[in-house]
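In: Next input, structure requested:
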Amino acid sequence: MTEGEIAQRPPSVDALARALANEVDLPHAVLVDCARRAISQQPDNAKELAARLAGELSASLMSEVINATGVLLHTNLGRAPFAVSQGRRATAVEFDLADGSRGSRHTSIAALLQMLTGAEDALVVNNNAAAVLLVLSALAEGRGVAVARGESVEIGGGFRVPDVMRRSGAQLIDVGTTNRTRRSDYEEACEVAENDIAMLLKVHPSNFSVEGFVESASVRDLATLSPVLAVDLGSGLLDSQAPWLPADMRPLPSWVSDEPSVKQSIEDGADIVMFSGDKLLGGPQCGIIAGRQELIERCAKHPLMRALRPGHHALVPLQQVLLSYLERDVTETVPFWAMVSTPIVTLERRAERITTAAQFGEMRPSLAVVGAGAAPAATLPSWAVVIPGDASTALRNARPFPVIARVSDGSTWIDLRSVDESNDRYIIDALIHLRQ
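Out: Numbering: from 1, shown residues only. Just a heads-up that it's a prediction; the model follows:
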């Protein structure tokens, strides 16, 4: 074999995979696959292609990031952040420690929610869409469900109330108009025999608001009508009085005090409510159904429940979050409420400390938002570290944790309202790297 032929031979798969290990932290089997594909596709450029394939795969894996967007509940970043820590032990999910018999995975959660909201019983499923589907299927299949036209909404991911209604087997009965719906509209719909209405469903408008010449029937308005009154609260605020917030946040901001809540909805006469666990509640992704015991039992016995039930990876942190509400220490233990309650002067001091340490960027006042369809019109005062130009790609490549910022008005904004203070040092390191 000539020297030219030796030079043109493609690299060894194993040698290329071992070389990639110095650049990307992935299992050897994955690097071998990247090397093999690169050699088969571009033998003359295998090293560069293999590095790109491995880098793309590494970047596609779910990983911890620093949310510096100013969107506190960022759907693409997992919504409410929370810490999960569990040893290498089993979990008593459906095991009664008192007598050693089989138990229910919902008992403890239901007891805590009863104390927090006044609900008679509760049930947990995978997410709020699943909660709505289960309630409709268990309580209104084959019958009519009255929904105000202005509440027949679509939220993120193409989730549409009419579509879920069809999948459940219930029949959508539109009432009122897009901007104005009164109690009398629901009452008239109930009086039409062919509608056979089993349920009145009120739906949180989620990520939009209608202003001006508008009117809607309240939970209290509808509570005296005969069909089951179900309320899709979506955002998951437990109590609009927010007794867990510190005194210096009173009077409460309107996005808290005006937000429909679980406790007040039940007090006003809702028979059953559905809401998310990973929005204003500040817990893991799940859907929670709370209300009258007889209705909850019907949902629990429905065949869909088996497919929609969550595992202990959601139930354990949810239980811990609910215990924090009862302990009244959520501003310390639940990251979402910690972000909300951080004083603006603290954020200003952090911005100054970061820019001084990094010797890069400037501090500016900013406005953060709640996000995830909760309180869509609300803003929270904040401070940001601002870099000229679009540095978002470079920040996403920061290590050990990518920094996800927002680009606005030709600058990159690192908003500190959505960043836990423990991550400031990683932001400083990322800025120093950018400066060099």
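In: which secondary structure elements does the helix or strand harbouring A338 contact?
Out: If you go by DSSP states H and E, A338 is part of helix 335-341. The contact analysis (3 or more C-beta pairs under 8 Å, 6 or more residues apart in numbering; DSSP states H and E) places helix 335-341 against helix 330-333. For glycine as for every other residue, the C-beta is placed from the backbone atoms N, C-alpha and C.
In: ok now the helix it packs on, how far from the chain's centre?
Out: 18 Å (C-alpha atoms, centre = their mean, to the nearest Å).
In: which helices and strands does that helix pack with?
Out: helix 312-327, helix 335-341.
In: Could you identify which of those is most buried?
Out: helix 335-341 (a mean of 21; mean count of other C-beta atoms under 10 Å).
In: List of residues touching that helix?
Out: 72-73, 80-83, 244-246, 249, 280, 282, 330-332, 380, 417-418, 420 (C-beta atoms under 8 Å, 6 or more residues apart in numbering).
In: go on, stretch 374-384?
Out: In contact with stretch 374-384 (C-beta under 8 Å, 6+ apart) are residues 70, 72-73, 205-209, 234-237, 253-256, 259, 279-280, 340, 344, 347-348, 350-351, 363-370, 413-417.
In: what stretches of the chain score poorly on pLDDT?
Out: Residue ranges of the chain with pLDDT under 70: 1-9, 83-86, 155-158, 206-209.
In: switch the cut-off to 50
Out: Low-confidence segments of the chain, defined by pLDDT under 50: 1-6.
In: Name the SS class of the residue nearest to L16 when sequence neighbours are not counted, please.
Out: Among residues not flanking L16 along the chain, A35 sits closest, at 4.0 Å (C-beta to C-beta, 6 or more residues apart in numbering). Here A35 is helix, with the state taken from DSSP: H, G, I helix; E, B strand; the rest coil.
In: Relative to A15, how far out is A35?
Out: 8 Å (C-beta to C-beta, to the nearest Å).
In: Which of the two has more residues huddled nearby?
Out: A35 (28 against 11; other C-beta atoms under 10 Å).
In: Just list the residues touching R350, thanks.
Out: Counted by C-beta under 8 Å, 6+ apart, R350 has contacts W383, L416, E421, D424.
In: Just to be sure, which of the contacts of helix 335-341 are found in helices?
Out: V330, T331, E332 (DSSP state H).
In: coming back round to it: I'd like to know which of the contacts of stretch 374-384 are buried.
Out: 70, 72-73, 205-207, 234-237, 253, 255-256, 259, 279-280, 340, 347-348, 350-351, 363, 366, 368-370, 413-417 (16 or more other C-beta atoms under 10 Å).
In: how far is the helix or strand hosting I414 from where the chain is centred?
Out: Per DSSP H and E: I414 is located in strand 411-415. Put simply, strand 411-415 sits 22 Å off its chain's centre (C-alpha atoms, centre = their mean).
In: Could you do stretch 340-356 as well?
Out: Worked out by C-alpha atoms, centre = their mean, stretch 340-356 lies 25 Å from the chain centre.
In: Same question for stretch 126-142.
Out: Centre to centre, stretch against its chain (C-alpha atoms, centre = their mean), the figure for stretch 126-142 is 19 Å.
In: Would you mark the buried spots in it?
Out: Buried-residue list, stretch 126-142, by 16+ other C-beta under 10 Å: 126-140.
In: which one among those residues gets closest to A110?
Out: For the buried residues of stretch 126-142, the residue nearest A110 by C-beta to C-beta is A131; the value is 14.2 Å.
In: what secondary structure does that closest one sit in?
Out: A131 ends up helix, using three-state DSSP.
In: what's the helix or strand L134 falls within packed up against?
Out: For L134, the host element (DSSP H and E) is helix 128-140. Using 3+ C-beta pairs under 8 Å, 6+ apart as the contact test, the elements touching helix 128-140 are strand 121-125, helix 161-168, strand 197-203, strand 228-234, strand 272-276, strand 287-291, helix 293-300, helix 304-308.
In: can I get those in JSON lines with distance to S184?
Out: Putting those into JSON lines (distance: least, C-beta to C-beta, whole Å) gives the following:
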{"stretch": "strand 121-125", "distance to S184": "32"}
{"stretch": "helix 161-168", "distance to S184": "22"}
{"stretch": "strand 197-203", "distance to S184": "13"}
{"stretch": "strand 228-234", "distance to S184": "16"}
{"stretch": "strand 272-276", "distance to S184": "23"}
{"stretch": "strand 287-291", "distance to S184": "25"}
{"stretch": "helix 293-300", "distance to S184": "26"}
{"stretch": "helix 304-308", "distance to S184": "34"}
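In: Report the buried members of the contacts of helix 335-341.
Out: Of those, these count as buried by 16+ other C-beta under 10 Å: 72-73, 80-82, 244-245, 280, 282, 330-331, 380, 417-418.
In: Can you tell me the centre-most residue of this protein?
Out: In the chain, the residue lying closest to the centroid (C-alpha atoms, centre = their mean) is R79, at 3.2 Å.
In: And the closest residue to it other than its chain neighbours, how far from P243?
Out: Closest residue to R79 apart from its sequence neighbours, by C-beta to C-beta, 6+ apart: D278 at 4.2 Å. Distance of D278 to P243, computed by C-beta to C-beta: 21 Å.
In: For those two, indicate the residue with more neighbours.
Out: D278 (27 against 9).
In: Would you mind confirming that the more buried one makes contact with T75?
Out: No - the pair D278 and T75 does not pass the contact test of C-beta atoms under 8 Å, sitting 9.2 Å apart.
In: what residues are shared contacts of these two?
Out: The contact lists of D278 and T75 share A372, where a contact means C-beta under 8 Å, 6+ apart.
In: Angles on the backbone of D25, please.
Out: Per-residue torsions, D25: phi -90, psi 80 (degrees, to the nearest 10).
In: Next: G103.
Out: phi -120, psi -170.
In: What is the burial count for it?
Out: 16.
In: OK, contacts around it?
Out: A92, E94, F95, D96.
In: what's the angle between the one helix or strand C190 maps to and strand 228-234?
Out: Element membership for C190, per DSSP H and E: helix 183-191. With axes from the mean of the first three to the mean of the last three C-alpha atoms, to 10 degrees applied, the angle from helix 183-191 to strand 228-234 works out at 130 degrees.
In: What are the contacting residues of helix 183-191?
Out: By C-beta under 8 Å, 6+ apart, helix 183-191 touches 144, 146, 148, 173, 175-176, 195, 197, 200, 217, 221-222, 225-227.
In: Would you report which members of these are assigned to helices?
Out: D221, L222.
In: any idea which of the contacts of helix 183-191 has the most stuff around it?
Out: Going by other C-beta under 10 Å, L200 tops these with 30 neighbours.
In: So it sits against V231, correct?
Out: No - using C-beta under 8 Å, L200 and V231 do not qualify as a contacting pair, with a distance of 9.1 Å.
In: Within its sheet, name the partner strands of the longest strand seen in the chain and how each one runs.
Out: Secondary structure of the chain per DSSP state E: the longest strand is strand 374-388. Strand 374-388 has its sheet partners listed here by DSSP bridges as strand 362-371 (antiparallel), strand 411-415 (antiparallel).
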